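J.: From the sequence below, what's the structure:
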Amino acid sequence: MRDTLKEIQGLDAELLAFDPHEAWSAKYLLKEVGFTTDDVNYPLLMDPALTVSADYGVPFQMRIHTEWSTRPATFIVDKEGVLRYAKRGAAYNDRPRPADVVAELQKLQADN
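T.: So this is what the prediction gives:
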C-alpha cells in the first residue's frame, strides 16, 4: 500500500494502518522484513486491545507464523464515517491488491 500512497492521497483519501500488536512488536516485525518505522509513510496505529478490530468485525484470532493475530482486513470509510468498502480476509495473504483499493476509491469519487 505504501507504494500507492501518492495515488491514494491524490484521490483525497488517507491511508491508516492498524496493527494488533504492541509498538515494540510492530517495530520488530518491520525489522524482520527489512523496514523501520521511518519506511512507513502513513500512520501506523497500535491496537493491542483489539478495540478497533472489534469495532470493524475482525477481532477473530488466527495463527500467523509463530503468533496469534487478527485476520487481515481493508476498509474504506468516507468523510462522514460511513463504511463504503470492506474486505475481511480469511487468511494472512487474503488481502486486496493495492490497485484494487485505488479502483474502489476512484469508483467512490466518481459516484460523488
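J.: Every contact and neighbour count from this point should use C-alpha atoms.
T.: OK.
J.: Buried residues, the helix or strand harbouring A103. List them.
T.: According to DSSP states H and E, A103 maps onto helix 98-111. Neighbour-count burial for helix 98-111, counted by 16 or more other C-alpha atoms under 10 Å, picks out 101-102, 105.
J.: secondary structure class for A90?
T.: coil (DSSP: H, G, I helix; E, B strand; the rest coil).
J.: could you check the distance from the nearest residue to it once chain neighbours are set aside over to A26?
T.: Closest residue to A90 apart from its sequence neighbours, by C-alpha to C-alpha, 6 or more residues apart in numbering: R71 at 6.6 Å. According to C-alpha to C-alpha, to the nearest Å, R71 and A26 sit 15 Å apart.
J.: Check S69 too.
T.: From S69 to A26 the distance is 12 Å (C-alpha to C-alpha).
J.: Look up which residues are beta-bridged to the spatially most central residue of the chain.
T.: Among the residues of the chain, A17 comes closest to the average C-alpha position under C-alpha atoms, centre = their mean, at 4.2 Å. A17 has these beta-bridge partners by DSSP bridges: L44.
J.: surely it meets D47?
T.: No. Using C-alpha atoms under 8 Å, A17 is not in contact with D47; the gap is 9.9 Å.
J.: And R71 and A26? Which one has more around it.
T.: Comparing R71 with A26 by other C-alpha atoms under 10 Å, the one with more neighbours is R71, at 23 against 18.
J.: Looking at the residue nearest to A90 now. What's its pLDDT?
T.: With respect to pLDDT, R71 scores 79.
J.: what do you get for R63?
T.: 65.
J.: now the strands for the protein?
T.: Ranges of strands within the chain are 17-19, 44-46, 61-64, 67-70, 73-77, 83-88, based on DSSP state E.
J.: Which of those strands sits closest to E7?
T.: Nearest to E7 among these is strand 73-77 (14.8 Å), distances taken as C-alpha to C-alpha.
J.: List the neighbouring strands of that closest one plus their orientation.
T.: Taking DSSP bridges as the criterion, strand 73-77 sits next to strand 83-88 (antiparallel) in its sheet.
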